[in-house]
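With the sequence up front, the predicted model follows.
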2 protein chains.
Amino acid sequence: MGRSLPSRDKWESDFPRWFDRVLEEAEIYDYGRYPVKGMGVWMPYGFQIRRRVLDLVRRELDKRGHEEVLFPLLIPDFLLRKESEHVKGFEDEVYWVTHGGLEELDVKLALRPTSETSITYMESLWIKSYRQLPKKYYQVVSVFRYETKATRPMIRLREVTTFKEAHTLHDSFEDAERQVAEAVEVYKRIFDEMGIPYIISRRPEWDKFAGALYTIAFDTIMPDGRVLQIGTAHNLGQNFTKAFDFRIQLADESLDYLWQTSYGISDRVIATLIAIHGDDRGTVIPPSMAPIQVVIIPILAGKEEDKARVLNYAVSLKKSLEESGFRVKIDDREDVRPGAKYYYWEAKGVPLRVEVGLREVEENMVTLTRRDTLERRSAERERAIENIRELLNTIESDLKKRAWEFFKSRITRAKTVEEAKKAFESKRGIIEMPWCGKDECALKLEEELEAKTLGTPWPSEKESPGSCPVCGSMAVTIIRLAKTY
Amino acid sequence: MGRSLPSRDKWESDFPRWFDRVLEEAEIYDYGRYPVKGMGVWMPYGFQIRRRVLDLVRRELDKRGHEEVLFPLLIPDFLLRKESEHVKGFEDEVYWVTHGGLEELDVKLALRPTSETSITYMESLWIKSYRQLPKKYYQVVSVFRYETKATRPMIRLREVTTFKEAHTLHDSFEDAERQVAEAVEVYKRIFDEMGIPYIISRRPEWDKFAGALYTIAFDTIMPDGRVLQIGTAHNLGQNFTKAFDFRIQLADESLDYLWQTSYGISDRVIATLIAIHGDDRGTVIPPSMAPIQVVIIPILAGKEEDKARVLNYAVSLKKSLEESGFRVKIDDREDVRPGAKYYYWEAKGVPLRVEVGLREVEENMVTLTRRDTLERRSAERERAIENIRELLNTIESDLKKRAWEFFKSRITRAKTVEEAKKAFESKRGIIEMPWCGKDECALKLEEELEAKTLGTPWPSEKESPGSCPVCGSMAVTIIRLAKTY
């Protein structure tokens, strides 16, 4: 099957097809066959990857005092409309439940597009004292958007099934600012652990979250050079607490509305994990995130007693690997040939393959093949565990290094529109240009480059960046633009 | 707060109020304040209990080869209608999404009431060979029912947030039968681990799952003597695979429709865990399931240096308990008095409390209080870990024993309608009576006793049980009736 995938040098145009096929052939996510547009099915292997990603996300959030909760899916019309900017940003893409059985409902119910309104409402009942602050909640849920743009598996969905949304409460603007910075730290940890490169920008005013003071976003670059937003953090100010008249007495005895932040990541993180390390044979999952780190293929040929020896050898290796804490699978299917098994597990991105045949048994060896480089080597059985541990560590760090190298190679500093155009033509990615700070110049750039503004560096950079390529006045910051998903 | 709860001897009438209050005061589940009827919010402490229950459920299913998946929430009208008995059973209580943004949808979308139809449809694309069988999938999702009966937190909801539904595929009726038996074993393990008593019945024809050949159900008895269904397993036969024209070539080269089972448990399992071990002071969570097994209350009084000594002592105890694998919380809030802390953690059902004050520090002791019996005792600091381990084990087994004793005391064998009525009056619970097997006699019993048929013993009992209390003919089995939730 490896051969049926678009080759990596054709990814510029063929990456979306590569991604769709890998999801299907590696049995990660069945998309396009479920009879509702924009909604897919997590298959068992994909679900295991998702589980590990969520374990990591929960660990990092729990460690920093976030508490997991679960709110209802359905938000009544009047609740969603409480904050006017917010509802304006979402109302065109909300799914509405209008009937229960054969009855029409008195109040229309929205499938949550995000949960600021329902969570703020309940918080206003729960939080009575400043001593409870700061308060950090999160939940992992499906959210729904009636997307009018073309949908894509995991990347632009109508049911986003893995939306981790955090919602926090604070007694001051400064503490909310500190929380945004903490959110950024949490996401850095998560992406670093997964080997996903990123750049952090403050989104322009016209692209911030509906109802926020401002939005900080993480972007990555997919193998075709197009940019994908993979995480956002919003300082919501007092916009929602004012809408819900949610204020309490603070430590200094003043009565004030509370301050909020919210931040989210989604299925896109998993999409990126699957996409960025892949090649012509399928995906490559970094060992730390792989549901199966080592697959053992016993080469069963010849006499029954030889087969039994090989199988025993494989089983005993599996046992000692598991005792050392590795996640191991042995593929002993008798009706599938070794070559087909290699392809099968390569497509699924299992980082290390161990072959054992009669030769290995007799010489007390194992044959190890790295999924990322396809390098093959022998190792003594006695030192196999040690070798496998080292190899997995090397694969882990090599994957991360390669991903960051690719990412950095796709970021271009340009001084003029011409330079920017050239960079977009040759490698897409992200363009950084000097900017005077005026909206009209940014929008002009978007138009000329047929690109989207990602925003300005966060934290902001101090260096003087030259002059605005549109109006020529002195630049006050850097602006980032990209062709985005 | 303990004093504000209805006392255990009044549970017969006051249990629902006790349950509602415990969910609220122990900060488990906020119900009735979220502005959609029949939908509640899992609060952080409740969510931790839910997490542990789901960990157990997943462990038991994974161990037996079940694979976790995740299907879309929305099921199109035409898919839900594929199996006619099935849709008849659900159509009065399905929520319908009719609009996306301001547009009316071409096809109405149901919020899943259960997932047989969507799962069977995708399985028919995935399963191509008998070699893939048996196949066991499961998912943990929200399901929606537009209930017309009175709703109750966790027990009768419009959004059931913790629905674990398993769906299996087989090449023969016999293998599906074997799977139903495996499902029963899995649920027994889960309930046993949680200390939840149960009785297993085959539901009568008129109360089986819509679309099934038959339904096996687990029932438990709540503290007020009313019966709650906590798990079901269905043999679906070929009903759904026929509706989806889903057949494959089997090992003997015949072409046949596959056989299916499905089985589910829900939030009710967590409701039962919280309810059955509770008392006038709140819930009691068995140590194996408790998010916090031991709470340490440092008694901080007197001079600053004494406070520091007590706090250090508490912190060092916490550390050694954690190193021994216990889940421990230290409540060092300075603005809350010890008595209030006791009530607070008692309501939440933390199985063991450790008090340490200056006396304990000086005598190198700890004071331990069991949540279930409220017995208090001292232990040497040196032997504290050992004592705590023993006490937690004792609490665990005592809770299970008491729960089963209560359960068994509420099951009555009756020969006549009069005897049955008397038993219902004195203790509710479950009545077992001889039965001739005719539907009309069972329905007559339901009417006279104002009770519901739970069904017949599963596996069926061989002993000859006397004569039918309605028609007088020879009984062929036992029938179980109860006042149910």
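Great, that's in hand.

out of everything not next to it in sequence, what's closest to the one residue in the stretch 151-300 of chain A that gets nearest to chain B?
Closest contact between the stretch 151-300 of chain A and chain B, by C-beta to the nearest C-beta, is at residue A:159 (5.4 Å). Placement of C-beta: from N, CA and C, glycine included. Excluding the flanking residues, the one nearest residue A:159 by C-beta to C-beta, 6 or more residues apart in numbering or on different chains is residue A:39, at 4.5 Å.

Secondary structure class of the one you found, three-state.
coil (DSSP: H, G, I helix; E, B strand; the rest coil).

Tell me who's in contact with it.
A:157-159, B:72, B:74 (C-beta atoms under 8 Å, 6 or more residues apart in numbering or on different chains).

So which of those is the closest to residue A:342?
Using C-beta to C-beta, residue A:157 comes nearest to residue A:342 of the contacts of residue A:39, at 32.4 Å.

Tell me how many other residues surround the closest one.
27 (other C-beta atoms under 10 Å in any protein chain shown).

dump the residue contacts of it.
Per C-beta under 8 Å, 6+ apart, neighbours of residue A:157: A:38-40, A:145, A:147, A:151, A:267.

now for the residues you listed, which pair is the farthest apart?
Every pair of these checked by C-beta to C-beta; the farthest is A:40 and A:145, at 14.4 Å.

who has more neighbours, those two?
residue A:40 (26 against 23).

So residue A:263, which state does it fall into?
strand.

contacting residues for it?
By C-beta under 8 Å, 6+ apart, the neighbours of residue A:263 are A:165-166, A:180, A:183, A:187, A:231-234.

ranges for the helices of chain A?
A:11-25, A:44-63, A:77-80, A:84-90, A:116-126, A:173-194, A:239-243, A:267-276, A:304-323, A:338-347, A:358-363, A:384-409, A:417-427, A:439-449 (DSSP state H).

what's the most buried one of these?
Comparing the helices of chain A by mean neighbour count (mean count of other C-beta atoms under 10 Å in any protein chain shown), helix A:267-276 ranks first with a mean of 24.

before we move on, back to that, any idea which of the contacts of residue A:39 is closest to residue B:191?
residue B:72 (30.3 Å).

any idea how far the nearest residue to that closest one once chain neighbours are set aside is from residue A:110?
Nearest non-adjacent residue to residue B:72, counting by C-beta to C-beta, 6+ apart: residue A:39, 4.0 Å away. Distance, residue A:39 to residue A:110, using C-beta to C-beta, to the nearest Å: 17 Å.

what does the stretch 51-200 of chain A put close to chain B?
With the criterion set to C-beta under 8 Å from any C-beta of the partner chain, the stretch 51-200 of chain A comes near chain B through A:51, A:67-74, A:76, A:78-79, A:91-103, A:109, A:111, A:118, A:121-122, A:125-126, A:131, A:137, A:142, A:144, A:146, A:148, A:159, A:161.

quick one: which of those residues sit in strands?
Among these, the members falling in strands are A:67-68, A:74, A:76, A:95-100, A:103, A:109, A:111, A:137, A:142, A:144, A:159, A:161 (criterion: DSSP state E).

could you dump the lowest-mean-pLDDT helix or strand in chain A to CSV, C-alpha only?
Every helix and strand of chain A was ranked by mean pLDDT, DSSP states H and E. The lowest is helix A:84-90, at a mean of 86. The C-alpha coordinates for helix A:84-90 follow below in CSV (Å, rounded to 0.1, in the frame of the first residue of the first chain):
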residue,chain,number,x,y,z
SER,A,84,-23.7,40.1,21.8
GLU,A,85,-20.3,40.1,20.1
HIS,A,86,-20.0,36.4,20.9
VAL,A,87,-23.3,35.4,19.3
LYS,A,88,-22.6,37.5,16.2
GLY,A,89,-19.4,35.5,15.7
PHE,A,90,-21.2,32.2,15.9
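
Point me to the residue of the stretch 301-450 of chain A nearest chain B.
For the stretch 301-450 of chain A, C-beta to the nearest C-beta, closest residue to chain B: residue A:335, 7.2 Å.

mind listing what that residue touches?
residue B:131 are the contacts of residue A:335 under C-beta under 8 Å, 6+ apart.

Measure how buried the residue in the stretch 101-250 of chain A positioned nearest to chain B is and give me the count.
Of all residues in the stretch 101-250 of chain A, the one sitting closest to chain B is residue A:146 (3.3 Å; C-beta to the nearest C-beta). Using other C-beta under 10 Å, residue A:146 is surrounded by 22 other residues.

is it true that it touches residue B:100?
Yes: using C-beta atoms under 8 Å, residue A:146 makes contact with residue B:100 at a distance of 3.3 Å.

Need the overlap of contacts for these two.
A:93-95.

Could you find the closest non-adjacent residue to residue A:243?
Closest to residue A:243 by C-beta to C-beta, 6+ apart is residue A:83, at 4.2 Å.

residues touching the one you found, list them.
By C-beta under 8 Å, 6+ apart, the neighbours of residue A:83 are A:116-117, A:211, A:239-240, A:243.

Might one say that residue A:41 is in contact with residue A:29?
Yes: here residue A:41 reaches residue A:29: they are 6.9 Å apart, a contact under C-beta under 8 Å.

So which of these two has more stuff around it?
In this view residue A:41 and residue A:29 are compared by other C-beta under 10 Å, and residue A:29 has more residues nearby, 28 against 22.

thinking again about what came up before, contact partners for the residue of the stretch 101-250 of chain A closest to chain B?
Applying C-beta under 8 Å, 6+ apart, we find residue A:146 in contact with A:92-95, A:158, B:100-101, B:103.

One more pass at 10 Å, please.
Contacts for residue A:146 (C-beta atoms under 10 Å, 6 or more residues apart in numbering or on different chains) come out as A:37-38, A:90, A:92-96, A:111, A:113, A:158, B:97, B:99-103, B:105.

for it, phi and psi?
Dihedral pair for residue A:146: phi -80, psi 80, per degrees, to the nearest 10.

Model confidence for it, exactly?
pLDDT, the model's per-residue confidence, is 96 for residue A:146.

With residue A:4 instead?
In the predicted model, residue A:4 carries a pLDDT score of 58.

Domains in chain A, by residue range?
Following automatic domain parsing, chain A resolves into domains at A:2-276, A:294-391, A:411-482.

mind putting these in JSON lines, distance to residue B:448 included?
Shown next, in JSON lines, are those (distance: least, C-beta to C-beta, whole Å):
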{"stretch": "domain A:2-276", "distance to residue B:448": "31"}
{"stretch": "domain A:294-391", "distance to residue B:448": "59"}
{"stretch": "domain A:411-482", "distance to residue B:448": "73"}
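
Among those domains, which comes closest to residue B:351?
Nearest to residue B:351 among those is domain A:2-276; the distance by C-beta to C-beta comes to 21.3 Å.

Give me the neighbour count for residue A:244.
Residue A:244, neighbours per other C-beta under 10 Å, totals 20.

Quick one: residues contacting it.
A:79, A:82-83, A:116-117, A:120-124, A:257-258.

Try it again at 6 Å.
For residue A:244, the contacting residues are A:120-121, A:124, by C-beta atoms under 6 Å, 6 or more residues apart in numbering or on different chains.

same question, residue A:221
So residue A:221 contacts A:227, A:407, A:410, A:429 (C-beta under 6 Å, 6+ apart).

can you tell me which two in the residues you listed are farthest apart?
Most distant of those, by C-beta to C-beta, are A:227 and A:407, 10.5 Å apart.

now, which of the contacts of residue A:244 sits nearest residue B:369?
The closest of the contacts of residue A:244 to residue B:369 turns out to be residue A:124 (C-beta to C-beta; 35.9 Å).

Whichever of the contacts of residue A:146 end up buried, select them in ChimeraX.
Entered in ChimeraX, the line below selects the buried ones among those, by 16 or more other C-beta atoms under 10 Å in any protein chain shown:
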select /A:38,90,93,94,95,96,111,113,158 /B:97,99,100,101,105
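
where in chain A is pLDDT low?
Applying pLDDT under 70 to chain A flags residues A:1-10, A:12, A:464.

Nearest the middle, which residue of it would you pick?
residue A:269 (0.8 Å; C-alpha atoms, centre = their mean).

Could you count how many residues lie near the residue lying closest to that residue once chain neighbours are set aside?
Residue nearest to residue A:269 in three dimensions, not counting chain neighbours: residue A:230, with 5.5 Å by C-beta to C-beta, 6+ apart. Here the number of neighbours of residue A:230 (other C-beta under 10 Å) works out to 22.
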